[in-house]
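Trainee: Here is my input; please provide its structure:
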Amino acid sequence: MENQTAKHFALQLGSLGSLYLSLSFLLVLIFGIINLAFPDAAAGAWEAESAAGSVRIGIAIVVVFFPTYIYLTRIVNQNRRQNSDNHYLSLTKWLIYLSLVVGGAVLLGDLVAVMISFLEGDITQRFVLKALAVLVVIGGAFYYYAKDAKGYWVQNEKQSIIFATLMSVIVLTSVIVGFMQIPTPTEYRSQKLDQTQLNDLQSIQWRIEEHIATNGNLPENLEALYQNQSQVLPTAPENRDEYSYEVTETGFELCATFSKSSEQDSYYSRPYTKEFETPTIINPDNWNYAEGRYCFERVVK
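Mentor: You can find the predicted model right below:
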């Protein structure tokens with residue numbers, strides 16, 4: 001009997017652990033969706049990527065741990081219906097009350113965090129939706145365990161299944177909407193390759209600046225530029241056209257192929273900055289680009 005009690009107790013702990021993770025990251029997921037759906041003009045460009053990252057990690061954890069929670073809770077409730085061990089039932093009730101305390105603390109803490117964001121200038125729509133999400137998610141869990149402490153779900157299996165189905169619909173809807181708000185894995189990889197190419201072109205431009213400062217003229221080609229360098233000439237990622245460099249009448253241009261246009265006015269810092277005497281590159285930090293083959297034109301004076 002003691003071994004069975006320990007087993008059932010471990011299942012209860014696993015169920016509650018899965019619950020805490022599921023609830024926490026479901027809110028992370030929903031908050032990320034809200035931030036993407038209602039962008040704040042006062043926030044920096046980093047917020048969109050941060051919100052997309054929140055959606056990705058929220059989806060990953062919820063998809064793994066919420067079904068685990070449903071499965072373990074189903075087993076726990078079946079054990080409670082079949083088990084008459086008072087010691088086990090007493091420990092289970094203590095864990096349920098602990099969950100109520102934790103749920104109440106999380107509910108109040110999240111509401112405080114949402115209120116602080118609102119007072120710091122978060123737009124009204126986001127504040128209202130986040131507060132509503134906290135009340136529905138944490139309030140729903142609090143309601144479930146308040147009823148569970150009285151043995152309601154053990155005595156009413158059908159209602160327990162209905163409640164689990166309702167919560168599953170909410171979670172599934174959140175996951176689907178989250179997928180709709182972020183790039184697909186293929187699109188995200190393409191964006192990362194775009195950023196890699198941009199970093200490469202910035203590095204090449206820095207080498208060109210060094211060459212201009214040292215020799216007073218532009219290099220004939222990229223091979224000559226890297227001929228006596230310890231670093232290797234950057235090459236385009238897989239399935240992308242190679243980088244190109246061409247001297248023009250007013251300076252030079254660096255070209256690459258991008259999968260998607262950059263956000264307007266998204267200027268990227270060079271990996272290294274140094275003031276040179278003339279000749280120098282005019283406006284070297286403009287890295288906006290369009291989808292497809294795009295050339296960054298640089299004027300040298």
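
Trainee: The residue nearest to P237 when sequence neighbours are not counted is in what secondary structure piece?
Mentor: Sequence neighbours aside, L193 is the residue nearest to P237 in space, at 4.7 Å (criterion: C-beta to C-beta, 6 or more residues apart in numbering). To be clear about C-beta, it is placed using only N, CA and C from the backbone, and glycine gets the same treatment. Per DSSP states H and E, L193 falls inside helix 185-215.

Trainee: Mind checking the pLDDT average for that helix?
Mentor: The predicted model assigns helix 185-215 a mean pLDDT of 91.

Trainee: Show the subsequent helix or strand relative to it.
Mentor: The helix or strand immediately downstream of helix 185-215 is helix 222-225, counting by DSSP H and E.

Trainee: Please spell out which residues along the next helix-or-strand element following that following helix are buried.
Mentor: Per DSSP H and E, the first helix or strand lying C-terminal to helix 222-225 is strand 244-247. Neighbour counts using 16 or more other C-beta atoms under 10 Å place Y245 of strand 244-247 among the buried residues.

Trainee: other SSEs contacting strand 244-247?
Mentor: Judged by 3 or more C-beta pairs under 8 Å, 6 or more residues apart in numbering; DSSP states H and E, strand 244-247 is in contact with strand 251-258.

Trainee: Return the list of strands paired to the strand it packs on, each annotated with direction.
Mentor: Strand 251-258 has the following sheet partners, assigned by DSSP bridges: strand 244-247 (antiparallel), strand 292-300 (antiparallel).

Trainee: Need the contact partners of it.
Mentor: Contacts to strand 251-258, defined as C-beta atoms under 8 Å, 6 or more residues apart in numbering, come from residues 194, 197-198, 200-201, 204-205, 208, 218, 236, 240-241, 243-246, 281-282, 289-300.

Trainee: among these, which ones are buried?
Mentor: Neighbour-count burial (16+ other C-beta under 10 Å) applied to the contacts of strand 251-258 gives 194, 197-198, 200-201, 204-205, 208, 218, 236, 240, 243, 245, 281, 289, 294-296, 298, 300.
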